[in-house]
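*Asks:* Structure, please.
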Amino acid sequence: MPSSFPLTAAEERVSALLLEGLTNRSIATRLVISHRTVETHISRALAKTGCKNRVELALWMLTMRSTPA
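*Replies:* The predicted structure follows:
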């Protein structure tokens, strides 16, 4: 990821699983955290990136992954 990547490591992990198409509950199970924590990480990631929804956040993650550091 680029050095200007605005997400925390936890927000990035959750967003990456969101990119794979997992639901909040599936992400929570995979990361062994509560679904409420997943919701919080997604909400913060949306706010930091300016994305309006999960689809936009997933597209943003794809863009960031393809951007050279």
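
*Asks:* Longest helix in this protein, by number of residues?
*Replies:* As assigned by DSSP state H, the longest helix anywhere in the chain is helix 35-49.

*Asks:* What is that one packed up against?
*Replies:* Contact here means 3 or more C-beta pairs under 8 Å, 6 or more residues apart in numbering; DSSP states H and E; on that basis helix 35-49 packs against helix 9-19, helix 24-31, helix 54-66. For every residue, glycine as well, the C-beta is placed using N, CA and C.

*Asks:* In terms of secondary structure, what does the longest one contact?
*Replies:* Pointing back at helix 54-66 there. helix 9-19, helix 35-49.

*Asks:* got these as JSON lines, with mean neighbour count and mean pLDDT columns?
*Replies:* Shown next, in JSON lines, are the helices and strands packed on helix 54-66 (neighbours: other C-beta atoms under 10 Å; pLDDT from 0 to 100):
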{"stretch": "helix 9-19", "mean neighbour count": "18", "mean pLDDT": "95"}
{"stretch": "helix 35-49", "mean neighbour count": "17", "mean pLDDT": "97"}
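
*Asks:* what's the closest of these to A58?
*Replies:* When the helices and strands packed on helix 54-66 are compared by C-beta to C-beta, helix 9-19 sits nearest A58, at 4.7 Å.

*Asks:* Using CSV, write down the CA coordinates of that closest one.
*Replies:* Provided in CSV are the C-alpha atoms of helix 9-19 (Å, rounded to 0.1, in the frame of the first residue of the first chain):
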residue,chain,number,x,y,z
ALA,A,9,-4.0,-1.9,10.1
ALA,A,10,-7.3,-3.2,11.6
GLU,A,11,-9.4,-1.1,9.2
GLU,A,12,-7.3,-2.3,6.3
ARG,A,13,-7.7,-6.0,7.3
VAL,A,14,-11.5,-5.5,7.5
SER,A,15,-11.7,-3.6,4.3
ALA,A,16,-9.6,-6.3,2.5
LEU,A,17,-12.1,-8.9,3.6
LEU,A,18,-14.9,-6.7,2.5
LEU,A,19,-13.2,-6.6,-0.9
